[in-house]
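Student: What would the 3D arrangement of this be:
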Amino acid sequence: MSRDQIVRVLLCAFASGGLVAATGWPYWQTHPVRGLVAGLACAGFAAAGALLASGGERRALTGRLLLLAAFCWPFAWLVSWDSGPGPALSYLCQGGFWVLAGTAILSYPTGVLVARRYRAFVAGAATVMLGGGVVLLLVSKPEWLGLPTTVSGFGLLARQGAFDVWIRFLAAAQVVLAAWFTALLWIRARWLSNLDRRIAIPVLVAAAALALVSSAQAFVHPGAWTHRDQLQEFYFSQGVIALVVSTALVSGALRDRWWELSAPHRVVRITSSGTSVATVRVALAEALRDRSLRLFFWAPVENGWVDVRGLPAVPGEADDERRWRISVDGLQHPLAIVEVDAALRNRPLLVDAVLRAGSPALLTAQLQAAASANLAQVLAAQERLAERELAERQRLEQELVDGAQHRLDVLARRLHGLTVHTSDPAVLRFAGECQQEVRATVGELEALARGLLPAALAERGLGPALETVVRRLGLAARVEVIPERLPAAVEATLYFALCEGLTNVAKYAEGAAVTVRVAVSDGWASGFVSDDGPGGAGAKPGGGLAGIVDRARVLSGWAAIDSTPSGTQISVHLPLDVPLVA
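Tutor: Residues are numbered from 1 along each chain as shown. Below you'll find the model as predicted:
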């Protein structure tokens with residue numbers, strides 16, 4: 001708090017307390033302790049009003065209402081004077097104090113009266129306390145209220161019967177208002193955020209006690225309406241409880257201001273000792289006093305949101321009235337979504353300050369969450385790939401036994417028979433070469449069925465291995481592969497992925513012109529299979545093209561399938577310095 005604000009608070013407090021001393025001077029001469037209590041109560045309301053009025057737009061309404069109440073209530077002690085219109089004015093000022101203070105408490109600490117039920121209470125309280133006070137002055141005489149006949153402002157429509165009825169009505173109406181006021185305070189406490197509730201509960205409880213006790217005294221002791229001494233004692237008992245209310249208001253305003261100033265520093269202090277996703281969430285939840293706070297982080301690789309565990313998550317609907325979702329943007333992409341209690345909408349400056357203080361930690365946590373999401377996807381891809389390879393191996397083994405291997409064995413026996421029944425050297429040489437080729441083919445099929453790399457890839461590299469596949473599939477393909485050898489895991493992944501792409505061309509784009517290309521740039525190895533076929537290719541769950549995506553993800557890479565009516569391109573991109581995740 002600045003020096004000017006402190007001076008303003010002290011001036012308002014002294015002015016209100018001094019006004020109490022002046023208005024109730026005839027009574028304070030014989031009851032100085034009661035005068036001190038009444039002065040402190042009014043000074044407390046004035047100090048709280050000045051604190052809140054200078055605390056920003058959110059608190060301005062509550063602060064101004066409390067200031068008006070603090071300078072209205074002292075005039076209730078004009079009832080102590082024996083002449084003039086002061087005693088008549090005191091009844092109206094007492095009613096005005098209740099209306100102003102009640103409205104201020106109902107708007108505390110958010111500074112707004114949004115719900116219709118609060119506005120209805122204010123209208124009802126003003127009608128009973130102010131309108132009822134005016135009617136009381138019209139139908140009564142000074143002596144009926146225990147005042148000297150020398151005071152003025154009473155009795156224009158004085159009727160004893162009307163006066164008695166109106167006194168009973170006002171007493172009952174105030175009990176109803178007190179119960180209504182207490183119910184509204186309870187409802188308000190339920191809808192406050194945890195942060196506001198910690199500050200407001202002492203004030204709300206003390207205000208409810210003041211309303212209930214005061215209305216009960218006025219109803220049970222009707223003499224407070226007709227004897228000035230009892231009325232002054234009644235005012236004093238109100239002042240004792242009001243002193244508790246004003247003390248709670250001042251304490252709450254100071255604690256609220258202190259928390260707003262310290263909350264950002266609290267975030268920095270908690271996250272400076274070690275930044276993790278869990279630490280960032282705890283720091284933000286502690287600063288905002290919201291245990292229900294949730295965090296969602298943007299995972300660029302996944303192109304979606306993940307939770308604090310790195311699992312895919314979908315933030316709730318933006319129009320949920322019970323939750324408030326704040327987007328935190330990074331330099332190139334969204335950073336995080338912070339989901340808090342909707343009641344914190346009333347504290348936008350505090351929330352903004354806390355998020356600004358925690359933005360560096362949020363960036364670190366986002367990187368950790370994205371890494372966890374990537375790892376989870378890699379492990380899931382590994383599992384899917386292992387399952388797919390097992391199923392494919394079993395299928396190939398069965399096909400080898402039932403089909404291809406059996407036919408190749410028959411062919412090998414026929415070639416052997418040919419060598420037995422001929423003596424032509426050219427035929428013998430050709431038959432022998434065919435037999436060797438058949439045996440090599442059977443061996444490679446068996447190796448593939450067992451999940452092993454083909455000999456061409458292990459011995460000669462990626463280019464010759466892909467050329468062999470192109471020849472066997474009968475494709476008109478141009479193969480452009482760098483001669484340098486790549487890491488074994490990268491070569492194997494590129495080989496199987498590009499073989500899948502070539503197989504797709506052989507199945508669905510027969511006769512198309514095909515280009516197979518492998519290049520290295522900026523620490524990444526990229527493989528492409530392009531054709532000018534009819535398109536229509538897509539990564540269906542469980543299909544061969546989906547396996548390309550999974551294989552790339554296992555090595556922290558990525559794959560894309562771009563298929564249009566003018567052709568299809570399958571691309572695989574793998575980092576050269578990322579080992580296989582185990």
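Student: Touching, residue 110 and residue 196? I think so.
Tutor: Yes - if you go by Cβ atoms under 8 Å, residue 110 and residue 196 touch, sitting 6.7 Å apart. Any C-beta I mention is one placed from the backbone N, CA and C, and that applies to glycine too.
Student: Overlap of the contact sets of those two?
Tutor: Common contacts of residue 110 and residue 196 (Cβ atoms under 8 Å, 6 or more residues apart in numbering): 343, 346.
Student: Show me where the stretch 51-200 of the chain has its strands.
Tutor: With DSSP state E, counting those that start in this stretch as the definition, the stretch 51-200 of the chain shows no strands.
Student: repeat for the stretch 451-582 of the chain
Tutor: All strands of the stretch 451-582 of the chain, identified by DSSP E, counting those that start in this stretch, fall at 476-481, 513-521, 524-531, 558-564, 567-575.
Student: Ok, which of these comes nearest residue 90?
Tutor: Set against residue 90 and scored by Cβ to Cβ, those come closest in strand 558-564, at 80.7 Å.
Student: returning to that earlier point: okay, the strands of the stretch 451-582 of the chain in CSV with distance to residue 94 next?
Tutor: As requested, the strands of the stretch 451-582 of the chain are arranged in CSV below (distance: least, Cβ to Cβ, whole Å):
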stretch, distance to residue 94
strand 476-481, 95
strand 513-521, 85
strand 524-531, 81
strand 558-564, 76
strand 567-575, 79
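Student: how much space is there between the residue nearest to residue 193 when sequence neighbours are not counted and residue 350?
Tutor: Nearest non-adjacent residue to residue 193, counting by Cβ to Cβ, 6 or more residues apart in numbering: residue 343, 3.5 Å away. Between residue 343 and residue 350 the distance is 12 Å, computed by Cβ to Cβ, to the nearest Å.
Student: more crowded one of these two?
Tutor: Each of residue 343 and residue 350 has its neighbours counted (other Cβ atoms under 10 Å); residue 350 has more, 22 against 18.
Student: Using the three-state scheme, assign that one.
Tutor: Under DSSP: H, G, I helix; E, B strand; the rest coil, residue 350 falls in the helix class.
Student: Just the pLDDT for it.
Tutor: Looking at residue 350, its pLDDT stands at 81.
Student: Please name the residues that touch residue 326.
Tutor: For residue 326, the contacting residues are 337-340, 351, 355, by Cβ under 8 Å, 6+ apart.
Student: so who does the residue nearest to residue 193 touch?
Tutor: For residue 343, the contacting residues are 110, 191-193, 196, by Cβ under 8 Å, 6+ apart.
Student: If any of the residues you listed are buried, put those into a ChimeraX selection.
Tutor: To isolate the buried ones among the contacts of residue 343 in ChimeraX, judged by 16 or more other Cβ atoms under 10 Å, type:
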select :110,192,193,196
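Student: now the contacts of residue 343 in JSON lines, with distance to residue 437 and pLDDT?
Tutor: Conversion of the contacts of residue 343 to JSON lines gives the following (distance: Cβ to Cβ, whole Å; pLDDT from 0 to 100):
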{"residue": "110", "distance to residue 437": "85", "pLDDT": "78"}
{"residue": "191", "distance to residue 437": "82", "pLDDT": "80"}
{"residue": "192", "distance to residue 437": "83", "pLDDT": "80"}
{"residue": "193", "distance to residue 437": "78", "pLDDT": "77"}
{"residue": "196", "distance to residue 437": "83", "pLDDT": "80"}
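Student: Of the strands of the stretch 451-582 of the chain, which shows the lowest average pLDDT?
Tutor: For the strands of the stretch 451-582 of the chain, where the average pLDDT is lowest is strand 558-564, sitting at a mean of 85.
Student: ok, that strand: who's next to it in the sheet?
Tutor: Using DSSP bridges, strand 558-564 pairs in its sheet with strand 567-575 (antiparallel).
Student: what angle separates the partner strand from strand 524-531?
Tutor: 170 degrees (axes from the mean of the first three to the mean of the last three Cα atoms, to 10 degrees).
Student: and strand 567-575, which residues are buried?
Tutor: Buried residues in strand 567-575 (16+ other Cβ under 10 Å): 567-575.
Student: So which residues make contact with that strand?
Tutor: Residues outside strand 567-575 that contact it (Cβ under 8 Å, 6+ apart): 490, 493-494, 497-498, 500-501, 504-505, 509, 512, 523-533, 535-537, 545, 548, 551-552, 555-563.
Student: quick one on the thing from earlier: which of the contacts of residue 326 fall within strands?
Tutor: In this view, these that belong to strands under DSSP state E are 337-340.
Student: still on that earlier bit, among the contacts of residue 326, who's most crowded?
Tutor: Greatest neighbour count in the contacts of residue 326, by other Cβ under 10 Å, goes to residue 338: 27 neighbours.
Student: Excluding sequence neighbours, find me the nearest residue to it.
Tutor: Leaving aside its chain neighbours, residue 338 sits nearest to residue 326 (4.8 Å; criterion: Cβ to Cβ, 6+ apart).
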